[in-house]
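Student: Fold the following for me, if possible:
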Amino acid sequence: MTSPDQTLRRARVAVAVLFLTNGAIFANVLPRYPGVKDDLDLTNASYGFAIAALPVGSLVAGLAAGVLIRRFRSSRVAVVGTILTGVGAFAIGLAPTLASFAAALFLLGAMDAITDVAQNAHGLRVQRRYGRSILNSFHAVWSAGAVLGGLMGAGAVALGLSRAVHLGLSSALFALVAVAAFPFLLRGPEADPLEPTEAGAGSAVRRLSRGGGPTPRTLLVLGALVLLGIAGALVEDAGSTWAAVYLSDSLGAAGSIAAFGYVALVGAQFVGRVLGDRLVDRFGQRAVVRVGGLITAVGMGAALALPTVPGTIAGFAAAGFGVATVIPAAMHGADELPGFKPGTGLTLLTWLMRIGFLVSPPIVGLVADATSLRVGLLVVPLAGITMLAFAGVLEGRRRPQSGS
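Tutor: Modelled structure (predicted):
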């Protein structure tokens, strides 16, 4: 019979596999964006509004995630959501018009939102049983999957594969991998029995009780966590939506080189997340996110002030490294908020922070058409400043605990 320790380790690997497939499916789509923009003859503004269909789908479907998780369990929802996310990616490969492109993005966003909440909910279940921070490692694997997907997409473009063939094959591959991980995920109810624990000194969030409903102070903390999540979302969206377009259209980089703007962002994000759990355990979420905000603001600000292809790729890398821990930190904080049913705080956070994905593409597109895309990308250093301003709601350094 498998021991609990082995079961837990296998569950951790299985959750990591889900994060990898989610990042890879999504990132395979991104190198195709410049080609879709050219094929459909889109302006920056129309392209930005089309891309906004993805977060609209996320907002429409996102609130259903908590209900689905409580009814069917996070493990099942995450795996089925991965399969349907792949269907959305494949639909993008088939899209011949602006309307069908937007509809496919809507489907992709809806399914990705549900999958995102479910895999994070399951990852937080595993983290609670481990008794220490491991969530950043899951997000690191997501970043690794995104690097893999971005490289696959860049390779498909270089080889001249059609969108339909490329996205059909990649989506089917990663859906099968997710299905193979399912038997190793945790079983049983979502709400594991937990002893009340105190967070570190100075923490703005304490895990006390799920009952009684949220207090006004809890809602204010949730609002600040949402702003932090939106800041991270803005940076990720700038990389996924605009990096390749900016490098190719504004700086004249070849298509295969332009893909490396996003690859650099998620690659550096991966490094930051690999280091993130140890840094968070040592210095606390608050200090790590503040330093990350500074790196994001200065790194991307310098890249926009002195625009070159290598410098811009380095700027996106700095931004990716800077925001590496902010979304996991916000998710952890929301999941620990008292007064909510299991999964509700996390669902609300992920739903609200997708507003950043909704408003960013059209705003950046409109600014780009009115001025330049270089000006529109100032949203990235502004996100870094937001992280500096609101990191105070996150946990400080935890007191050492025996047995951790």
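Student: where along the stretch 151-300 of the chain do the helices fall?
Tutor: 163-181, 216-237, 243-245, 255-258, 260-283, 285-305 (DSSP state H, counting those that start in this stretch).
Student: Next, the buried residues of the least confident helix or strand in the chain by mean pLDDT.
Tutor: Least confident helix or strand, the chain: helix 255-258 with a mean of 78, by mean pLDDT, DSSP states H and E. For helix 255-258, a neighbour-count test (16 or more other Cβ atoms under 10 Å) marks 255, 257-258 as buried. Glycine gets a C-beta too; all of them are placed from N, C-alpha and C.
Student: For those residues, give me a markdown table that also has distance to L227.
Tutor: Below are these laid out as a markdown table (distance: Cβ to Cβ, whole Å):
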| residue | distance to L227 |
| --- | --- |
| G255 | 35 |
| I257 | 34 |
| A258 | 31 |
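Student: Can I get the least confident helix or strand of the chain in PDB? Just the C-alpha atoms.
Tutor: Taking Å, rounded to 0.1, in the frame of the first residue of the first chain, the C-alpha atoms of helix 255-258 are listed here in PDB:
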ATOM      1  CA  GLY A 255       9.200  36.700 -36.600                       C
ATOM      2  CA  SER A 256      11.200  33.900 -35.100                       C
ATOM      3  CA  ILE A 257      13.200  36.400 -33.100                       C
ATOM      4  CA  ALA A 258      10.100  38.400 -32.100                       C
END
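Student: centre of the chain versus that helix, how much separation?
Tutor: Centroid separation for helix 255-258 versus its chain: 23 Å, with Cα atoms, centre = their mean, to the nearest Å.
Student: ok so, going back, deepest in the core, which of the helices of the stretch 151-300 of the chain is it.
Tutor: Mean neighbour count (mean count of other Cβ atoms under 10 Å) peaks for helix 243-245 among the helices of the stretch 151-300 of the chain, with a mean of 26.
Student: Which elements pack onto that one?
Tutor: Applying 3 or more Cβ pairs under 8 Å, 6 or more residues apart in numbering; DSSP states H and E, we find helix 243-245 packed against helix 33-39, helix 255-258, helix 260-283.
Student: The first one - contacts with which helices or strands?
Tutor: Same thing as helix 33-39. Secondary structure elements in contact with helix 33-39, counted by 3+ Cβ pairs under 8 Å, 6+ apart, are helix 44-51, helix 243-245, helix 255-258.
Student: List the buried residues in it.
Tutor: For helix 33-39, a neighbour-count test (16+ other Cβ under 10 Å) marks 33-34, 36-37 as buried.
Student: Not counting it itself, show me its contacts.
Tutor: Helix 33-39 has contacts (Cβ atoms under 8 Å, 6 or more residues apart in numbering) with 42, 47, 51, 92, 95, 101, 157, 163, 241, 244-245, 248-249, 255, 258.
Student: Among those residues, which one lies nearest to L228?
Tutor: In terms of Cβ to Cβ, no member of the contacts of helix 33-39 lies closer to L228 than T241, at 20.3 Å.
Student: Double-check the closest one against I363; I have them as touching.
Tutor: No. Taking contacts as Cβ atoms under 8 Å, T241 lies outside contact range of I363: 11.2 Å.
Student: Now do the shared contacts for the two.
Tutor: Joint contacts of T241 and I363 (Cβ under 8 Å, 6+ apart) are G48.
Student: Leaving out sequence neighbours, find the closest residue to A164.
Tutor: G93 (4.1 Å; Cβ to Cβ, 6 or more residues apart in numbering).
Student: Good, wrapping up.
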